[in-house]
Each structure stands twice: as structure tokens, then as C-alpha cells.
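Student: Pasted the sequence and its predicted model underneath.
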Amino acid sequence: MDSNPPANAPSLYEILGVDRSASADEIRRCYRAKILEVHPDKLDPGASPEDKQASEAKFHEVHEAFEVLRDAYKRRAYDIQRGFRPQSNSKWEGEISEEQRRRMEDRQQWAHKQREQFEERIRNLRARAAADREERKRREQEAAEYRVMVERMLAELYRKNPEWAERREKLRRRGHSNTRPTPTVSS
């Protein structure tokens with residue numbers, strides 16, 4: 001088959017006598033009928049050599065048409081090359097082999113499983129982040145309560161032992177930076 005057939009040449013569909021929307025089974029049936037019709041052995045024994053050559057050429061033409069139209073990818077490429085618009089309701093377009101169907105289902109199952117695993121990881125990360133926030137908040141609250149408790153204890157100690165507060169104040173005036181101001185006791 002030429003890669004660029006003449007514009008007036010019959011299409012492969014016309015050669016086989018099928019419609020462009022024909023299914024693979026219809027193409028196969030028409031091919032079998034057409035091949036029997038044009039087979040060189042069907043000629044009369046007294047046919048001329050020209051008739052035999054014409055019959056052989058027609059036989060090869062039908063066979064080549066079938067080779068292209070039976071394969072969905074070759075058929076699609078042929079339709080595009082010939083400028084045929086894709087038919088949305090074309091039966092052949094959706095035909096795939098059982099192996100291809102199985103692989104597609106396997107890929108869909110794998111993709112679904114990957115999506116579920118991804119979503120589970122995200123849920124776990126979010127739950128862990130929420131637990132970490134709660135733990136951090138709890139620790140900050142405990143630290144604040146602890147600081148308040150220590151400040152109260154120091155204030156009570158300074159109240160009961162005023163000399164400690166005086167010593168601390170003297171140290172602070174001398175430049176010791178470790179000393180805190182004396183806490184005040186709130187009632």
C-alpha cells in the first residue's frame with residue numbers, strides 16, 4: 001500500500017465494502033467474503049494472463065486493506081492520514097484486546113491503591129501533626145503553670161525571709177546578672 005494514495009483512489013473501507021464505523025468483526029466477515037470473491041483460483045481455467053494479474057492485484061489490495069483496518073492503531077493512523085474525522089460512536093475505536101483490557105484494569109487498580117495509600121499517609125501525617133500541636137500546647141501550659149508555681153514559692157520565701165530579698169538586691173546592684181527581681185506576692 002502506498003503511503004500517500006492518489007486522491008481518487010478508493011478508500012480501504014470501499015475496497016472491503018464496509019462502512020467507516022464497522023466493527024472489527026464486521027471487517028473480518030467482509031474480508032473473508034471479499035477474499036473468496038477475488039481470489040485468483042476462482043477464475044475460469046481459460047482466463048487470460050491479464051485477468052489473472054488483475055485478480056492477483058485485487059487479491060493483494062483486499063489483503064492489504066484488511067491488514068490496516070483490522071489493527072485499531074493502523075486504522076486510526078489511516079483515518080487521520082486520509083483526513084477522515086474521528087467518529088465518536090465508532091465501534092472500532094474502543095476495541096481493545098483482552099490483554100490490553102486486563103492491563104488497563106491492573107493499572108486502574110494500582111492507581112486506586114496508590115491513591116488510597118497516599119490519602120492514608122496524609123491522614124496519618126495530619127493526625128500526627130495535630131497530636132504534636134496538642135502535646136506542645138500541653139507542655140507550654142505545664143511550663144506556664146510551673147513558672148507561676150515557682151514565682152509564688154519564691155515570693156512566699158522572700159516574704160517569710162526578708163534577708164534573702166535584701167541579699168538578692170545587693171547582688172543585683174553589684175552587677176550579677178543571674179539574679180531576678182524579687183517577686184511580689186499577690187493575694
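Tutor: Yep, that arrived. Residues are numbered from 1 along each chain as shown.

Student: which residue ranges form the helices in the chain?
Tutor: 12-16, 24-38, 49-69, 72-82, 98-160, 162-174 (DSSP state H).

Student: just those helices: most buried one?
Tutor: The highest mean neighbour count among those, using mean count of other Cβ atoms under 10 Å, belongs to helix 12-16: a mean of 21. C-beta here means a position set from N, CA and C on the backbone, and glycine is covered the same way.

Student: Now do that helix: which elements does it pack against?
Tutor: helix 24-38, helix 49-69 (3 or more Cβ pairs under 8 Å, 6 or more residues apart in numbering; DSSP states H and E).

Student: Any idea which of those gets closest to Arg139?
Tutor: helix 24-38 (69.5 Å; Cβ to Cβ).

Student: And that closest one, what does it pack against?
Tutor: Right, helix 24-38 is packed against helix 12-16, helix 49-69 by 3+ Cβ pairs under 8 Å, 6+ apart.

Student: Can you lay out those helices as TSV showing mean pLDDT and distance to Glu99?
Tutor: Shown next, in TSV, are the helices and strands packed on helix 24-38 (pLDDT from 0 to 100; distance: least, Cβ to Cβ, whole Å):
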stretch	mean pLDDT	distance to Glu99
helix 12-16	89	26
helix 49-69	90	20
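
Student: In JSON lines, list those along with distance to Glu135.
Tutor: Shown next, in JSON lines, are the helices and strands packed on helix 24-38 (distance: least, Cβ to Cβ, whole Å):
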{"stretch": "helix 12-16", "distance to Glu135": "72"}
{"stretch": "helix 49-69", "distance to Glu135": "68"}
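
Student: so which of the helices and strands packed on helix 12-16 gets nearest Leu171?
Tutor: That would be, of the helices and strands packed on helix 12-16 and by Cβ to Cβ, helix 24-38, which comes in at 98.4 Å.

Student: just the angle between that closest one and helix 72-82, please?
Tutor: If you take axes from the mean of the first three to the mean of the last three Cα atoms, to 10 degrees, helix 24-38 sits at 80 degrees to helix 72-82.
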